[in-house]
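> Sharing a model that was predicted from the sequence below.
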Amino acid sequence: LGDVYKRQKEGRKIVYIGITNNPNRRAIEHDNTGKEFTHVLLIRGPMSRERAEKLEKEYIQKYKRGHKGKPPKYNKNKTT
């Protein structure tokens, strides 16, 4: 199972979109990276891992359409 979530910083700026099967653990992992996050918001879930991966990609694509083709700050620009 997986949940799709986004991490934000002050002003609700989205800086990361991802999936996890344990939102609390993942929030702690993010907080320990030293990156700038102030909020976590579950977008959808729980659902199958395959569905979560598809939605994650869709949310990143939607973000990129509104931000000159750039992904959220902390998402790696792989195949998304």
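Noted; the coordinates are in hand.

> Strands along this structure, start to end?
2-9, 13-20, 39-47 (DSSP state E).

> report the angle between the axes of the first one and strand 13-20?
Yep, that's strand 2-9 we're talking about. If you take axes from the mean of the first three to the mean of the last three CA atoms, to 10 degrees, strand 2-9 sits at 160 degrees to strand 13-20.

> And strand 2-9, what does it pack against?
Applying 3 or more CB pairs under 8 Å, 6 or more residues apart in numbering; DSSP states H and E, we find strand 2-9 packed against strand 13-20, helix 23-31, strand 39-47, helix 49-65. In short, each C-beta sits where N, CA and C put it, glycine included.

> Check the offset of that strand from the chain's centre.
4 Å (CA atoms, centre = their mean, to the nearest Å).

> Buried residues in it, which are they?
Gly2, Asp3, Val4, Tyr5, Lys6, Arg7, Gln8, Lys9 (16 or more other CB atoms under 10 Å).

> Out of the residues you listed, the closest to Thr38 would be?
Checking these against Thr38 with CB to CB, the nearest one is Lys9 at 5.0 Å.

> Who are the contact partners of the residue most central in space within the chain?
Nearest residue to the geometric centre of the chain (CA atoms, centre = their mean): Ile17, 1.3 Å. Residues counted as contacts of Ile17 (CB atoms under 8 Å, 6 or more residues apart in numbering) are Val4, Tyr5, Lys6, Arg7, Ile43, Glu56, Tyr59, Ile60, Tyr63, Pro72, Asn75.

> can you list these in CSV and add pLDDT and distance to Arg25?
Converted to CSV, the contacts of Ile17 look like this (pLDDT from 0 to 100; distance: CB to CB, whole Å):
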residue, pLDDT, distance to Arg25
Val4, 95, 16
Tyr5, 95, 12
Lys6, 95, 17
Arg7, 94, 14
Ile43, 91, 18
Glu56, 96, 17
Tyr59, 96, 21
Ile60, 97, 22
Tyr63, 97, 24
Pro72, 96, 20
Asn75, 93, 19
